[in-house]
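Q: Sequence plus the predicted model coming up.
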Amino acid sequence: LAVPMGELMLRGNQVGLQADDIPVKLLGKGTRRQLSLALQLALNDNDTSSILIDEVEQGLEPYKVKTIVRALKDTKQQVFMTSHSSMVLAELDATDLYLVKSGSDKLVHLDENYQALLRSNPDAFFFDKLIVCEGETEYGFFLELDRYLWLNEGYTTSSYSASPLLGKGKGMIPIIENLNNLGVNNLCFMDNDDDDATEALNGKTIICNCEKGYSIEQQIFKDAPTPAIHEYVEWAKAHTKLPGDFVFNDSQRDFLGKQSKSGKWFKSVGGGRLLGEIFFKYYKQMNIQSHLYHQIESILFWLQNGIL
């Protein structure tokens, strides 16, 4: 940056800055905010001054957001900043944060108990409702439910200030306890082949799960419409040890469910998305008396009403 002397002479006691030949006042908002922060930090680097910043991420590229937040965290000055960006939160510690919800006049100071949640799911602090998915398969499946809702119903979970969150097995328990302490409405989407996990969550959250003893894969193979099963079988022939001459009939649903679980056909977010992509293609053909249909409709009701 340079001081244009001609402009300085014309404007008396005002200093004009420019980058190359472009006056700073004509540059983008992000660049001007960077300059303002740099001047504040350089001129007042002591513990007797404060900086107030509204939505620190505005107008800045992600790498600049990271750099600025780190600089602000390390300054001697007292810094108050607001943010709606999970990227900003990811650069801070839980103890740096105060949470305020829309319509509330209270600030909640987070403690070190929220550090793990902050590192794994910083988005969690920006939603009113969270769907905690037990594992990667459930999470991927839910992402496809979200896509189905957008393409067919014109809304997504985020339309209701809600979002899925990856819980990772028994790691769900401290997550749900943290969400409850923050007053965040939550629901757990899980299988039902681990009695200990289900018991630990009873009374702490709303549970939408599979039938007793069933994994999500087994439940899908039990309840999905027949055309969906045919698609799963064709995929399995090409990508698993399922014999190429395997011919599906309805009595083999249980066998396929157990094979998909033991063979870990879908044990990843991508696998869950594949399950969901095929499943929701035929969702309107579902038997409305089936267990999985009832659980999904319960989740949708909760999204829209906040209760079950």
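A: Done, it's in. Everything numeric here is computed off the predicted structure, so don't read it as measured data.
Q: for the chain, what spans make up the helices?
A: In the chain, the segments counted as helices under DSSP state H are 5-10, 29-43, 62-74, 86-90, 115-120, 136-153, 172-182, 195-201, 216-223, 226-239, 253-262, 269-281, 291-305.
Q: What is the fourth one packed up against?
A: Right, helix 86-90. Counting contacts by 3 or more C-beta pairs under 8 Å, 6 or more residues apart in numbering; DSSP states H and E, helix 86-90 packs against helix 62-74, helix 115-120. (Glycine included, C-beta is placed from N, CA and C.)
Q: ok, now with 6 Å
A: With contacts taken as 3 or more C-beta pairs under 6 Å, 6 or more residues apart in numbering; DSSP states H and E, helix 86-90 sits against helix 62-74.
Q: Tell me where the protein is predicted with low confidence.
A: Low-confidence segments of the chain, defined by pLDDT under 70: 1-30, 32, 35, 45, 306-308.
Q: Could you pull up the contacting residues of residue 140?
A: For residue 140, the contact set (C-beta atoms under 6 Å, 6 or more residues apart in numbering) comprises 269, 272-273.
Q: Give me the buried subset of these.
A: Among the contacts of residue 140, those buried by neighbour count (16 or more other C-beta atoms under 10 Å) are 269, 272-273.
Q: Of the residues you listed, which is the nearest to residue 82?
A: residue 269 (31.6 Å; C-beta to C-beta).
Q: Pretty sure that closest one sits against residue 136.
A: Yes: if you go by C-beta atoms under 6 Å, residue 269 and residue 136 touch, sitting 4.7 Å apart.
Q: Adding distance to residue 258, write the buried ones among the contacts of residue 140 out as TSV.
A: Output for the buried ones among the contacts of residue 140, formatted as TSV (distance: C-beta to C-beta, whole Å):
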residue	distance to residue 258
269	22
272	18
273	22
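Q: nearest to residue 298, of these?
A: Nearest to residue 298, judged by C-beta to C-beta, of the buried ones among the contacts of residue 140 is residue 272 at 19.1 Å.
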